[in-house]
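1. 3D model of this:
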Amino acid sequence: MKKKNDQTSETADTITGRIKTLLAQQDMLPLHLSLKTGIDNAIIYKCLSGKRKWNLGHLELIAPTLGVTVADLVRENSTISQVGGVKEGQGPLQDHILRPGPVQEDQSLKVKKEGKETLAKMYDLTVEDRSMMPAFPPGTHLIAQRETSDTIKNENFVVYWDEDGRTYIRQIFFSPNQIILRSLTQGVPDKILPIKHLSLCDKILRVEFPA
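-> Numbering: from 1, shown residues only. Below is the predicted model of the structure:
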């Protein structure tokens, strides 16, 4: 007979996905979570990798550290629209992100509910070729969120929206008055732009590699 606090694999994956998203949003490493909660670092890594399930004691320490409640960590899944693919380091047209098509259950990545406003600003890109190897192999899901430029830090992966309606996947580096958008695709040049162009970048919150 199962105990009431036993987790199914689906529930454990849901909780882990939510925690990973919150860690990415706050630029917090698993080690930081260990130091802030007092949970052994090895336990956190095992839970995040799916080798161990979270228990209620873990969640009661982790939730306030990440600024949420335990209920926020275990509530049901919702879906984010898959807005397009990435080829040669170039993402879908901006209009496809702003006006995504209907969510198809078999084409969408399940994630935790973020609230209607936040959920509407998140989108899922799928890498469709080998041009960004070894960083992002084909089948990788890139979960990004609009209006997150103020949270971007050096070496983060971003979606850059250029002024011609196109998007690009880049790794960002900062200099005093410029941003360097490093290309992940061989033969494609980096973009060196004034710092004001940071406002045209969305942070990639989470990367889901293919099995």
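
2. Against which helices or strands is the one helix or strand residue 205 maps to packed?
-> Residue 205 belongs to strand 201-208 when elements are defined using DSSP states H and E. Judged by 3 or more CB pairs under 8 Å, 6 or more residues apart in numbering; DSSP states H and E, strand 201-208 is in contact with helix 9-25, strand 141-145, strand 157-161. Quick note: C-beta positions are derived from backbone N, CA and C, even for glycine.

3. Check which residues of it are buried.
-> Counting neighbours by 16 or more other CB atoms under 10 Å, one finds that the buried residues in strand 201-208 are 201-206, 208.

4. quick one, domains of this protein?
-> Taking automatic domain parsing as the reference, the chain has its domains at 9-74, 77-208.

5. number of nearby residues for the residue nearest to residue 130 when sequence neighbours are not counted?
-> What sits nearest to residue 130 in space, not counting adjacent residues and going by CB to CB, 6 or more residues apart in numbering, is residue 138, at 5.9 Å. Look at residue 138: counted by other CB atoms under 10 Å, it has 16 neighbours.

6. where does the protein dip in pLDDT?
-> Along the chain, segments meeting pLDDT under 70 span 1-10, 75-79, 101-120.

7. and the residue nearest to residue 130, helix, strand or coil?
-> The local conformation at residue 138, judged by DSSP: H, G, I helix; E, B strand; the rest coil, is coil.

8. Was I right to think it contacts residue 129?
-> Yes. Residue 138 sits in contact with residue 129 when judged by CB atoms under 8 Å, with a separation of 6.1 Å.

9. Overlap in contacts, those two.
-> Residues touching both residue 138 and residue 129 by CB atoms under 8 Å, 6 or more residues apart in numbering: none at all.

10. Need the residues that contact stretch 192-211.
-> Residues from elsewhere that reach stretch 192-211 (CB under 8 Å, 6+ apart): 17, 20-21, 24-25, 109, 122, 136-149, 151-152, 156-163, 169, 172, 174, 177-181.

11. let me fix that: stretch 121-141
-> Counting by CB under 8 Å, 6+ apart, 80-89, 91-92, 97, 100, 108-109, 111, 114, 142-147, 157, 159, 169, 171, 184-186, 205, 207-210 sit against stretch 121-141.

12. Tell me where the protein has strands.
-> Taking DSSP state E, the strands of the chain run over residues 77-80, 82-86, 109-112, 122-127, 141-145, 157-161, 167-175, 178-183, 191-194, 201-208.

13. So which of those is nearest residue 49?
-> Nearest to residue 49 among the strands of the chain is strand 201-208 (13.6 Å), distances taken as CB to CB.

14. who does that closest one pair up with?
-> strand 141-145 (antiparallel), strand 157-161 (antiparallel) (DSSP bridges).

15. Just the buried residues of the last one, please?
-> Read that as strand 157-161. Neighbour counts over strand 157-161 (16+ other CB under 10 Å) mark 157-161 as buried.

16. Would you agree residue 158 is in contact with residue 171?
-> Yes. Using CB under 8 Å, residue 158 is in contact with residue 171, at 7.5 Å.
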